[in-house]
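Novice: model this:
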Amino acid sequence: MDLLSIEREAVYRRLRGDVVFPASEIIKIASCWDISLDEMLGIDSSQLQLFKVLMLQYTSPTKQGLEVMQQKIDFIELFSASPDSEYMEVSNVLPRSLITAYPYLARYYIFKWAYQYNNEEDALPFSQVAYLEKIRQMGLTYHRKIKNIPTTNFIWDSMLFDYLISDIRYFTSIYLITEEEKQLIKKDLYALLDYMSEVSSKGCFPETGNSVNLYISQINIDTNYNYFYSETIKICRIRAFVKYDISSTNDEMVDNFRNWMNLKKRSSVQISGVDERRRIEFFMQQRQLIDSL
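Specialist: Numbers count the residues shown, from 1 in each chain. Below is the predicted model of the structure:
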């Protein structure tokens, strides 16, 4: 009734078969509840790998957008309950699961998204980009809950901080970020570095004790992607346009993603738990980069 905006009796007539569901209503129902029309119609789409993109407006989210964000949090809670759950992210930008704990850094990525993809003619300065309290609180909850996953793997592009610092310099040069705002972002970056240095030294999240493996890729990473993998839940995602996720739950595709991403370890150096010299050198180099900002 709510989805189709029709009366109860009209719903019953459709369910009894007295009235045929129009195509527009079928599409609404299938989209809302992720029903495969191919399967219903007996069409073999096994050779197709289907992905779904969620287009969320972060500066002025709709009620539905907020519900989708809450669903992501609920998913993490469900996923982390399984002892064999594993999360892996390969990226050339700071992972969303980490930056949401740092308000100015999280706001910076929303600002960058708005600068690149917002439809407004005039670019909004950092100070005017909305970072709603509801979004901030959801981000903090996501940050806390993802640490409950038993095993987490990060592979970072070795130039990740170089790219970030270069972007911040650019936005400062065109006066969209003030010197004061830049210092606040730098403060968050230092705090994140300190935290990840502790995580990689211990080989786990200190709050939960769950395993964390941090790798630094020796070749450039051109795409950001991740997967959630357990015996019962499998999903892979590609990050697009800074803030959006394109996802698939196709078992074959997820298994391929998992294999491809783990192959990245061959060209990466693990700095968590095992290689103290490389770990210290890496974090010192990133701190020097931030110092230069």
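Novice: switch to C-alpha atoms for all contacts and neighbour counts from now on
Specialist: Will do.
Novice: could I get the full set of strands for the stretch 101-250 of the chain?
Specialist: 151-157, 211-217, 225-229, 234-240, 244-248 (DSSP state E, counting those that start in this stretch).
Novice: how about those strands, which one is nearest Asn118?
Specialist: Nearest to Asn118 among the strands of the stretch 101-250 of the chain is strand 244-248 (13.1 Å), distances taken as C-alpha to C-alpha.
Novice: residues near the nearest residue to Asp251 once chain neighbours are set aside, how many?
Specialist: In space, and not counting its chain neighbours, Asp251 is closest to Lys234: 6.8 Å by C-alpha to C-alpha, 6 or more residues apart in numbering. Using other C-alpha atoms under 10 Å, Lys234 has 21 neighbouring residues.
Novice: so what's Lys234 up against?
Specialist: Neighbouring residues of Lys234 by C-alpha atoms under 8 Å, 6 or more residues apart in numbering: 227-228, 249-251, 254.
Novice: before we move on, what about Asp84?
Specialist: Neighbours of Asp84 in contact, by C-alpha under 8 Å, 6+ apart: 150-151, 230-231.
Novice: show me the one in the residues you listed that has more neighbours than the rest.
Specialist: Most surrounded of the contacts of Asp84: other C-alpha under 10 Å gives Pro150, at 22 neighbours.
Novice: got phi/psi on that one?
Specialist: Here is the backbone geometry of Pro150 (degrees, to the nearest 10): phi -60, psi -40.
Novice: equivalent analysis for Ile149, please.
Specialist: Here is the backbone geometry of Ile149 (degrees, to the nearest 10): phi -70, psi 130.
Novice: look at the spatially closest residue to it that is not a sequence neighbour and report its pLDDT.
Specialist: In space, and not counting its chain neighbours, Ile149 is closest to Ser80: 4.4 Å by C-alpha to C-alpha, 6+ apart. With respect to pLDDT, Ser80 has a value of 92.
Novice: check the one 4 residues further on too.
Specialist: Each residue has a pLDDT score; the one for Asp84 is 92.
Novice: tell me the domain ranges of the protein?
Specialist: The chain resolves into domains spanning 1-48, 52-291 when parsed by automatic domain parsing.
Novice: tell me the most buried of these?
Specialist: Compared across the domains of the chain, domain 52-291 shows the largest average neighbour count, a mean of 17 (mean count of other C-alpha atoms under 10 Å).
Novice: pull the residues that contact stretch 279-292.
Specialist: Stretch 279-292 has contacts (C-alpha under 8 Å, 6+ apart) with 161-162, 165, 186, 189-190, 193, 197, 200-201, 271-272.
Novice: could you redo the last one with a cut-off of 6 Å?
Specialist: Here stretch 279-292 makes contact (C-alpha atoms under 6 Å, 6 or more residues apart in numbering) with Ile271.
Novice: average pLDDT for that stretch?
Specialist: 95.
Novice: if we can go back for a sec, what is the nearest of the contacts of Lys234 to Ile238?
Specialist: Using C-alpha to C-alpha, Tyr227 comes nearest to Ile238 of these, at 8.9 Å.
Novice: can you map out the helices along the stretch 101-250 of the chain?
Specialist: Listed in chain order, the helices of the stretch 101-250 of the chain (DSSP state H, counting those that start in this stretch) span 103-117, 133-146, 160-173, 179-202.
Novice: among the ones you listed, which is nearest Glu67?
Specialist: Among the helices of the stretch 101-250 of the chain, helix 133-146 sits nearest to Glu67 (C-alpha to C-alpha), with 10.7 Å.
Novice: and the closest one, what does it pack onto?
Specialist: Counting contacts by 3 or more C-alpha pairs under 6 Å, 6 or more residues apart in numbering; DSSP states H and E, there are no secondary-structure elements packed against helix 133-146.
Novice: so it versus helix 103-117, what angle?
Specialist: 110 degrees (axes from the mean of the first three to the mean of the last three C-alpha atoms, to 10 degrees).
Novice: let me see the mean pLDDT of helix 133-146.
Specialist: Mean predicted lDDT for helix 133-146 stands at 91.
Novice: same thing with stretch 221-235?
Specialist: 89.
Novice: pLDDT weak spots in the protein?
Specialist: Within the chain, the ranges that satisfy pLDDT under 70 run 34-59, 119-121, 240-244.
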